[in-house]
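Engineer: Provided below for reference: sequence and predicted model.
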Amino acid sequence: MAARQYRFLRRTLAVGCLLAAAALPANRPDASRAAPTDAAQPTVLRMLQLNLCNSGRAGCYTGRAMARAAEVITVEAPDLVTLNEICAGDVSDLRGVFQTVHPGRTVVAAFQAAGDRPSGDDTRCRNGQRFGIGLLAHVRTSAAPPTVYAGTHPTQDLADPEERAWLCVDVDGDLLACTTHLSATGYRVALTQCDHLLDTILPTISRNAGYQPTVLGGDLNLRAGHDPDVRSCTPPGHQRVDDGRLQHVTATTDITLCCRSLVPMHGATDHPGLLVTLAIDGSRRPT
């Protein structure tokens, strides 16, 4: 009962924050134009970014990250979860937890493996499963499987055998939800990967499949105020929040980000959870 009351309180506060933020003028070039009087209320979603360091090979591995991730999802009940440094089976396990907090909804789970340059295969966790990134979301209908877009970044750090990947899922035709885990061994490479993803890959999806508001969550291995600066790869007008270090959520101009909070992982992994509330305004489109 206490957990349910806590989730209700957190969700109520987040919705109030977002509705207030959505009512403010947007910080974008065409903000002076009159808004439609019949504009619909924004769609409010809560997004959780997690880097679980669960390969079993890295020094930050503890064996406790999955249990803590399940606790966080149960308590926070996010609508969207982006996952970095996971094994393929972790997506299935967390999907079950995610389904319990969204009963009656159709849950979508997607996974994209990182490549392994020496073998030409996928990078593997210590348990033999494929290693990579994932995403969880719930959708309104199960009539057709959602469209999933995924790939490997064209620029990689040749000193690192792991080839970094990206992943996007079409959520009800209303939102393109994406995640990535950028290079950790070459910060200039991470910046190039970030530039290409936000300036080329995601706009290409929009051109080919039809525009949707887009949100990206992930461990970008870049910081604000450092060299290189993550802000240099964020397109003009896009909003961005971070965990104070390497994890970021960035969104197109028709999404308002607010109510950022850090979720303690109690040493189970080397990153906190990054919880952000989104307000998606379908009446606004980039010019």
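Structural biologist: Here it is on my side, so go on.
Engineer: make it CA atoms for all contacts and neighbour counts henceforth
Structural biologist: Will do.
Engineer: pLDDT weak spots in the protein?
Structural biologist: Along the chain, segments meeting pLDDT under 70 span 1-39, 284-287.
Engineer: okay, now the closest residue to H248 other than its chain neighbours: neighbour count?
Structural biologist: Distance criterion C-alpha to C-alpha, 6 or more residues apart in numbering; nearest residue to H248, sequence neighbours excluded, is D242 at 4.2 Å. If you count neighbours by other C-alpha atoms under 10 Å, D242 ends up with 21.
Engineer: oh, and call the first residue 411 from now on, that's how I've got it
Structural biologist: Understood, numbering begins at 411; the last thing we discussed is D652.
Engineer: D652: what's it in contact with?
Structural biologist: Neighbouring residues of D652 by C-alpha atoms under 8 Å, 6 or more residues apart in numbering: H658, V659, L684.
Engineer: for H591, same thing?
Structural biologist: So H591 contacts N494, E495, I543, R574, A575, W576, G628, D629, L630, N631 (C-alpha under 8 Å, 6+ apart).
Engineer: quick one: which of the residues you listed is nearest V518?
Structural biologist: Set against V518, the nearest of the contacts of H591 by C-alpha to C-alpha is I543 (14.2 Å).
Engineer: Quick check: the closest one touching V491?
Structural biologist: No - using C-alpha atoms under 8 Å, I543 is not in contact with V491; the gap is 11.0 Å.
Engineer: Restricted to strands, list the contacts of H591.
Structural biologist: Mapping those onto strands (DSSP state E) picks out N494, E495, I543, A575, W576, G628, D629.
Engineer: Tell me what the third one is bridged to.
Structural biologist: I543 has these beta-bridge partners by DSSP bridges: Q522.
Engineer: For the residue most central in space within the chain, which residues count as its bridge partners?
Structural biologist: Taking C-alpha atoms, centre = their mean as the criterion, G627 is the residue nearest the geometric centre of the chain, at 2.6 Å. Beta-bridge pairing of G627 under DSSP bridges involves T589, V659.
Engineer: Show the end-to-end separation of stretch 672-687, please.
Structural biologist: 12 Å (C-alpha to C-alpha, to the nearest Å).
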